[in-house]
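In: what shape does this take:
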Amino acid sequence: MQSGERLPSTRSLAAQLSIARGTIDLTYARLTGEGYLTARGQRGTIVSSELRQHARSAEKTTPSISTKAPDSPPLPLRLGLPALDLFPRKVWVRLAAREARKLSEESLSYSYPTGLPALREAIVAYLAVARGIVCRTEQVIVTSGYQGAQNLVASLLLKPNDQIWLEDPGYVFAQNAFASLAMRVIPIPVDGEGLSIDYARANHKDARLAVVTPTHQFPLGMPLSLPRRRALLAWAGECDAWVLEDDYDCEFHYSGHKPPALKSIDAGDRVFYAGSFSKTLFPGLRLGYLVLPAGFIDAAERTCQMLHRGAAVFEQSVAAAFLSEGYFARHLRRMRTHYRARRKALVEEMEKQFGTDVQITLQPGGLQIIARFPNHGPDVELADRARRHGLTPVPLSGRSLKHSAGQGLLMSFTNIREDEAAGVVTLLRQAIART
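Out: Okay, here's the model as predicted:
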């Protein structure tokens, strides 16, 4: 827009964009306060006549460093994001508008420290069908993503200096979070069958908690084998220990039978099962859930009341409708189809452009691949070069505490459409070749 040009009224723009008028009011107020807009009362709001001067001043003083705007698309290869372009935003907006019309005085108050009952019931129904987990609504706690589930488990179980088994290589956030709580993080190696239970029992039998990603180990991708699942549960029962199952991307399995949830074979009720909507819906929602062993229901409710008084009710109500009315299941089916195609396109393009310079071993599922470039130097250096080309792979070596899984780049394929794969791989090849 040009200096002096009139903007739409807040009511009109809110209707055009299908968002709350209050959001537009706040945006206009902020831009007016920063000098970009000028409010003229009943005559409306215009683009500031001083905007060109601001722009010229900014050109003189701003360093020539490219930065990514907060609302721009995610950079290619970035881990931890679902395919944001596949999210059914129109359906979500329609459900949100409907739920907003149903808001009551009660829903505006403090309520539901363990989660909105409708969402907890929808999660119970989903887990029974999708993961074979049979549980009661009281066992389900709605959390602020996986981090909220992890923090709740720590509050319920752990005290400083307790030993915790963590997969190595593994999830850096979990490593740092438990270490910050003064726990003794014990790195346990993984191999082709997942966590090495024999190693863990032989060297650190007295741990209080094991944290595992049994469906697709992060970051290597293999499932935890059935014998090791049984061995892990046997250890927990014998040693009065517990297991936190992070089932972070269980919905995305592309070949063969999807591994069952560890919780589904947990006859001794030793498993805390954590799931999240960050990879299936969108991470900005900040909703996850934790299925408790039955003996922790009362303690968890008291802890939730003390720690946070519950997640935002409105977002929970929209998520509950999305699950219970069948949109979630349809969305997952669509995402699996697209993810299979996107992974295939990216891998084929990498093999085409890099040839024998790349080694890719595909696992049956997951949201990322590992590409190894044995002739091109350390993975940390390769990742740094890629970032300078606008790509965001992660060095595999940085996921390890003690037990190395070698060199390689972790790369997500979720937000790279098939017709974009060639361009992304070309950039990566240029980065790795130092051009």
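
In: longest strand in this protein, please.
Out: Determined from DSSP state E, the single longest strand within the chain is strand 184-191.

In: please, where are all the helices along this structure?
Out: Using DSSP state H, the helices found in the chain span residues 10-17, 21-33, 51-61, 89-101, 117-130, 145-157, 172-180, 197-204, 226-238, 297-307, 313-324, 327-354, 379-388, 421-432.

In: got the angle for the fourth one vs helix 313-324?
Out: Which is helix 89-101. Here helix 89-101 points in a direction 130 degrees away from that of helix 313-324 (axes from the mean of the first three to the mean of the last three Cα atoms, to 10 degrees).

In: what are the buried residues along helix 89-101?
Out: 92, 95-96, 99 (16 or more other Cβ atoms under 10 Å). In this view, the C-beta of every residue, glycine as well, is placed from N, C-alpha and C.

In: okay, now residue 160: neighbour count?
Out: Neighbourhood size, residue 160 [other Cβ atoms under 10 Å]: 8.

In: for it, what are its contacts?
Out: By Cβ atoms under 8 Å, 6 or more residues apart in numbering, the contact list for residue 160 reads 181-183.

In: distance of the closest residue to residue 307 other than its chain neighbours from residue 161?
Out: Distances taken as Cβ to Cβ, 6 or more residues apart in numbering place residue 155 nearest to residue 307, at 6.8 Å, with adjacent residues excluded. Applying Cβ to Cβ, to the nearest Å, the value for residue 155 to residue 161 is 16 Å.

In: and those two? Which one has more around it.
Out: Shown here are residue 155 and residue 161; by other Cβ under 10 Å, residue 155 has more neighbours (15 against 9).

In: isn't the more buried one right up against residue 303?
Out: Yes. Taking contacts as Cβ atoms under 8 Å, residue 155 lies within contact range of residue 303: 5.1 Å.

In: okay, and for this protein, where does confidence drop off?
Out: Within the chain, the ranges that satisfy pLDDT under 70 run 1-3, 10, 14-43, 48-72, 434-435.

In: got the domain boundaries for it?
Out: With domains defined by automatic domain parsing, the chain comprises 10-61, 89-328, 338-432.

In: including distance to residue 76, could the ones you listed go into TSV?
Out: Putting the domains of the chain into TSV (distance: least, Cβ to Cβ, whole Å) gives the following:
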stretch	distance to residue 76
domain 10-61	27
domain 89-328	17
domain 338-432	5
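
In: which of those domains sits closest to residue 77?
Out: Closest approach to residue 77 among the domains of the chain (Cβ to Cβ): domain 338-432, 4.3 Å.

In: could you work out the end-to-end span of the closest one for me?
Out: 28 Å (Cα to Cα, to the nearest Å).

In: show me the contact partners of stretch 279-288.
Out: Contacting residues not belonging to stretch 279-288 are listed as 80-82, 84, 87, 119, 142-146, 148-149, 248-249, 251-252, 274-278, 311, 315-316, 319, 322, 328, 331-332, 335, 367 [Cβ under 8 Å, 6+ apart].

In: report how many residues lie close to residue 403.
Out: Residues lying near residue 403 (other Cβ under 10 Å) number 16.

In: quick one: contacts for it?
Out: 168-169, 187-190.

In: which one of the residues you listed is nearest residue 424?
Out: Set against residue 424, the nearest of the contacts of residue 403 by Cβ to Cβ is residue 169 (24.4 Å).

In: ok, the closest one - contacts?
Out: 190, 219-220, 396, 399-401, 403-405.

In: which residues does the nearest residue to residue 374 once chain neighbours are set aside contact?
Out: Closest residue to residue 374 apart from its sequence neighbours, by Cβ to Cβ, 6+ apart: residue 359 at 6.8 Å. Residue 359 makes contact with 371-374 under the criterion Cβ under 8 Å, 6+ apart.

In: what pairs with residue 359 across the strands?
Out: For residue 359, the beta-bridge partners are residue 372 (DSSP bridges).

In: measure it to residue 382 for me?
Out: Distance from residue 359 to residue 382, by Cβ to Cβ: 13 Å.

In: which parts of stretch 133-150 are buried?
Out: Within stretch 133-150, the residues that count as buried by 16+ other Cβ under 10 Å are 133, 135, 137-150.

In: what do you get for stretch 168-186?
Out: So for stretch 168-186, counting by 16+ other Cβ under 10 Å, buried means 168-171, 174-175, 177-178, 181, 183, 185-186.

In: which among these gets closest to residue 351?
Out: The closest of the buried residues of stretch 168-186 to residue 351 turns out to be residue 169 (Cβ to Cβ; 24.2 Å).

In: which residue packs closest to that closest one, ignoring adjacent ones?
Out: Nearest one to residue 169, counting by Cβ to Cβ, 6+ apart, is residue 399 at 3.7 Å.

In: can you count the residues close to that neighbour?
Out: By other Cβ under 10 Å, the residues close to residue 399 number 21.

In: mind checking which of the contacts of residue 169 are buried?
Out: 190, 219-220, 396, 399-401, 403, 405.

In: dump those residues to a markdown table, plus distance to residue 260.
Out: Below are the buried ones among the contacts of residue 169 laid out as a markdown table (distance: Cβ to Cβ, whole Å):
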| residue | distance to residue 260 |
| --- | --- |
| 190 | 19 |
| 219 | 22 |
| 220 | 20 |
| 396 | 27 |
| 399 | 25 |
| 400 | 28 |
| 401 | 28 |
| 403 | 26 |
| 405 | 25 |
